[in-house]
Every structure is written in structure tokens, then in C-alpha cells.
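**Student:** heads up, no residue letters with this:
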Ligand code: FES
């Protein structure tokens, strides 16, 4: 639960940065930074899922090296995982 609050706090900061054109907060954008702790984008996550055929969150976190710090990105990772696998 604590990780979610940290994630939301950081998203708020990044939203302000987006006003100045420095960050992209559109979750559908490949440039959206999904994991703020490791600075990994949606595009990088999508590419890893497509290349490896990963279907579960635990494996995705281990292979992509995301989601094991605050955990605030796990909900988004799960969403991307489902979207990419449903597009197959
Ligand atoms: S945002 Fe903290 S582990 Fe991904």
C-alpha cells in the first residue's frame, strides 16, 4: 500500500514536469515511464513481453528488472501484460 502512495506522489510530480514538456503521462504512449524506480518505459515493457512471450507478472518483473522496489508500477505492468497478450 505504501508503494502505491509513493507511486501516485511521483506521478503527481511527473505530471507537473509534463506541463513543461519533459515527461509523458499518457499511459498508452510507448514513452510513458511505467516503472519510476528503474526508469523503464511502456515501450520497453511491451517489447520484452512480445520477444519473450511472458504471460505472468512475476516473470515480467524478474526479466525486465522492474516492480521489485516500491511496487507502485505493478498494476500498470499487469495492465500492459494483459493488453499485449490479448493482442496476439
Ligand atoms: S515504480 Fe517502484 S518498483 Fe516500479
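**Tutor:** Good, I have the coordinates. Bear in mind the structure is a predicted one, so any value in this text is a computation, not a measurement. Numbers count the residues shown, from 1 in each chain.

**Student:** can you map out the helices along this structure?
**Tutor:** Under the criterion DSSP state H, the chain carries helices at the ranges 2-19, 42-52, 57-64, 74-87.

**Student:** among the ones you listed, which gets the worst mean confidence?
**Tutor:** Sorting the helices of the chain by mean pLDDT places helix 2-19 lowest, at a mean of 61.

**Student:** so what's residue 37 scoring on pLDDT?
**Tutor:** Residue 37 is assigned a predicted lDDT (pLDDT) of 97.

**Student:** for the nearest residue to it once chain neighbours are set aside, the count of nearby residues, please.
**Tutor:** Leaving aside its sequence neighbours, residue 37 sits nearest to residue 69 (C-beta to C-beta, 6 or more residues apart in numbering; 4.0 Å). All C-beta spots, glycine's among them, are computed from the backbone N, C-alpha and C. Applying the criterion other C-beta atoms under 10 Å, we find 13 residues in the vicinity of residue 69.

**Student:** I figured residue 69 hits residue 40, correct?
**Tutor:** No - with contacts counted by C-beta atoms under 8 Å, residue 69 stays clear of residue 40, the gap being 11.3 Å.

**Student:** pLDDT score for the residue nearest to residue 37?
**Tutor:** pLDDT, residue 69: 97.

**Student:** buried stuff in stretch 42-53?
**Tutor:** By neighbour count, with 16 or more other C-beta atoms under 10 Å as the criterion, the buried positions of stretch 42-53 are 42, 44, 45, 46, 48, 49.
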